[in-house]
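J.: Starting from these lines, generate the structure:
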Amino acid sequence: CIRDRPHPAMAEVKYVHQNVAFDAVDVAAGKYRAINRFYFTNLRKYTIRYELRANGIPVKKGSLTLDVAPQAEKEFSIPVKNVNGKAGVEYYVHFSVVTTQPEPLIPVGYEIAYEQFRLPVEANKIAYKAAGPDLGCKEEGSTLVVSSPKVYFAFDRTSGMVTSYKVNGFEYFDKETGVQPNFWRAPNDNDYGNSNPKRLQIWKASSHNFKVSNAAVRMEGKNALLNVVYDLPAGNQYCVDYKIYPDGVVNVAVKFTATDQEAVKTDVPEDTHLATYTPGKKKEKKDNLEVPRIGIRFHIPQDMNIVEYFGRGPEENYIDRNAGSMVGRYKTIADSMYVDYVRPQENGHRTDTRWVVLSDKSGRGLLVQADKTIGFNALRNTIEDFDAEDSSRPYQWRNRSPEEIENHDLDEAKNAMRKMTHVNDIIPRDFVEVSVDMKQQGVAGYDSWGAKVQPGYTIPANQNYEWGFTFVPIRAKADVDKSLRYDY
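T.: Predicted structure coming up:
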C-alpha cells in the first residue's frame, strides 16, 4: 500500500488476473462474448452490468445473467447498437461483473471483473472560428507579444518560455512560468536499476537553459502565429508553433526532430552482476538513445487545482501499466494525484488522455484538448522535487566494508546512485505544475537491477515526432463539452 490507499499497480494486477473476460464479436450490433476463466464456478453466480457511456457519462444501463460453465465461453447481445455519433464524443460500452452473494472476504455487489469496448462511432468536428477584438503582434526587447483588449500572450527568447497568457485579465500561468520544453522525468527505482539517469542525462540538460535559435511572430488573417525553434544538446530541434485566436484560444503544434546520438555508456550495475537473472541482460552492440518523455510543462495558480479529465484512470498509470485503468471521465484534485512513494520519484501520470480541465472552485480554468491523445501530470510539486539527484541529501552508499566507507566517489555516484530522500522531503508548492506529454516511456519493472523498458514502450530518439493540443479558456463547467466539438 501507499499510505492510505493501494499501490496504483494493483489495478493492473486485478485486471490481468480476473476470472471473467470479454471479447467483441460485433460491437456495432451489440454482440459480445463472455469467457469464464473459473475452473469450478458457473458465471450464473454473478450479475453482469453494462453501461453505454458518452465521454465517460452513462447514457444507458442494464444487467444480465449468463449461464456459462467453467472454462467455457458464450456469445450474448445487449440492446446497445446503431448509436448516432456527435462531434467530440466517444462512446464506450463498459462491462462489470459483480457478486450477488457474499463470499469469503468479498461482499455482495463487489466488482470481480471489468472490461470496456469503444464503439466505432465517429462524427466530424466543426472547424473553429473565433470572434473577438483584433489581435496585434510586436517585439519588446527579447519578448514577443500578441495582444488585444481581451488577450495577452508573451514569449521570452532569453528564458525560452511563455511568460504570460491572459484572457479577460485572468493570468493562467503562475509567476511567468509558462510553456517550456520537457524531456525529463524524476527517475524511478527501475530507472536507477537500469542506469537511465546517467544514460539519458542529456534530456535533463535539454529541459533547462533553453537555446532558442529562432523565434518569430506574425499575423495570418485574424489569428497570430508565434513560431519557436529550440536547438537541443542532442543535436536535434524542438519546434513549437502557437496559433493564437482572437478569443484567447491557443493551438500548439509541436515537432521533435530525430537525432542519431547514442546514449552515454555506463557500466553494468553491481546489483545486476549479483542478480540470478535479468531479462534482456544480453549485451547490445549499440546503446540506442531513448527519450524519457516528449512534452512541455507549465505552472498554474494553486487555486486551479481541480482536475477533470477524459482518459485512463482513476489511478496513476503508464503506457506499460494501463490495461487495468479504464478510459473514463474522472475528477480529482492535484493534491490527490500525488502518489507518495517512500522514495520520491516520478508519480501521478495518466495516459490516453483526450482532454483535461484545470479549474478553480468557480469553474474558471483551462482546458487542454489533445489533437489525438496525451499523457499528463498535475502535481503540487516540480519534477526537480522528486528527482533524487537534485536533493541535498547524501547518496545511499552501500558501506559494506571499511574500504567502501573510506572511498566514497561522488563523481562516480552522480546520476548513478540514489540519494537518501524520503517521502517526508516532499512539501507541496504554492502552484500546480502541469506536464503535458506526447508520450512518457514505460516504468519497466521486470526487475529493479538492470531490466530496461520493454520495446514498444520506449521513445527512440532517432525518429521524428509530431503532436499537439489546444488551450481553451473555460469560464464555467458547461464550456467544456461545447469546446470538444471543434477542430482547432
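
J.: who does the longest strand seen in the chain pair up with?
T.: Taking DSSP state E as the criterion, the chain has its longest strand at strand 365-379. Note on strand 365-379: by DSSP bridges, its sheet partners are strand 350-359 (antiparallel), strand 431-440 (antiparallel), strand 465-474 (antiparallel).

J.: could I get it in PDB with only the CA atoms?
T.: The C-alpha trace of strand 365-379 is given here as PDB (Å, rounded to 0.1, in the frame of the first residue of the first chain):
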ATOM      1  CA  GLY A 365     -10.000  27.300 -15.700                       C
ATOM      2  CA  LEU A 366      -8.100  26.000 -18.700                       C
ATOM      3  CA  LEU A 367      -9.000  23.100 -21.000                       C
ATOM      4  CA  VAL A 368      -6.100  21.200 -22.600                       C
ATOM      5  CA  GLN A 369      -7.600  19.300 -25.600                       C
ATOM      6  CA  ALA A 370      -5.300  16.800 -27.400                       C
ATOM      7  CA  ASP A 371      -5.200  16.600 -31.100                       C
ATOM      8  CA  LYS A 372      -5.100  12.800 -30.500                       C
ATOM      9  CA  THR A 373      -4.200  11.700 -27.100                       C
ATOM     10  CA  ILE A 374      -1.700  12.900 -24.500                       C
ATOM     11  CA  GLY A 375      -0.300  11.900 -21.100                       C
ATOM     12  CA  PHE A 376      -0.200  14.400 -18.200                       C
ATOM     13  CA  ASN A 377       0.700  15.000 -14.600                       C
ATOM     14  CA  ALA A 378      -0.800  17.800 -12.500                       C
ATOM     15  CA  LEU A 379       1.000  17.900  -9.100                       C
END
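
J.: Tabulate the strands paired with strand 365-379 in JSON lines, adding columns for mean pLDDT, mean neighbour count and distance to residue 295.
T.: Every C-beta, even on glycine, is put in place using the N, C-alpha and C of the backbone. Below are the strands paired with strand 365-379 laid out as JSON lines (pLDDT from 0 to 100; neighbours: other CB atoms under 10 Å; distance: least, CB to CB, whole Å):
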{"stretch": "strand 350-359", "mean pLDDT": "98", "mean neighbour count": "23", "distance to residue 295": "12"}
{"stretch": "strand 431-440", "mean pLDDT": "98", "mean neighbour count": "24", "distance to residue 295": "3"}
{"stretch": "strand 465-474", "mean pLDDT": "98", "mean neighbour count": "21", "distance to residue 295": "9"}
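
J.: what's the closest of these to residue 162?
T.: strand 465-474 (10.1 Å; CB to CB).

J.: Mind listing residues that contact that closest one?
T.: 165, 167-168, 170, 172, 247-256, 294, 357, 359, 363-372, 374, 436, 438, 459, 479-480, 483, 488 (CB atoms under 8 Å, 6 or more residues apart in numbering).

J.: Please determine how far residue 488 is located from residue 62.
T.: Look at residue 488 and residue 62: by CB to CB, to the nearest Å, they are 37 Å apart.

J.: Which one's more surrounded, these two?
T.: residue 488 (20 against 12; other CB atoms under 10 Å).

J.: Report whether the expected contact of the more buried one with residue 247 is present.
T.: No - at 11.3 Å, residue 488 and residue 247 do not qualify as touching, with contact defined as CB atoms under 8 Å.

J.: For stretch 82-99, measure first residue to last.
T.: 31 Å (CA to CA, to the nearest Å).

J.: no no, stretch 361-368
T.: Start-to-end, stretch 361-368 (CA to CA) is 18 Å.

J.: How far off centre is it?
T.: Centre-to-centre, stretch 361-368 and its host chain are 19 Å apart (CA atoms, centre = their mean, to the nearest Å).

J.: what residues does it touch?
T.: Taking CB under 8 Å, 6+ apart as the rule, stretch 361-368 contacts 170, 172, 300, 303-304, 306, 355-359, 374, 376, 434, 436, 469-477, 479-480, 483.

J.: Which among the strands paired with strand 365-379 is found nearest to residue 455?
T.: strand 431-440 (14.3 Å).

J.: The closest one: how far from the chain's middle?
T.: So, by CA atoms, centre = their mean, the centroid of strand 431-440 is 7 Å from its chain's centroid.
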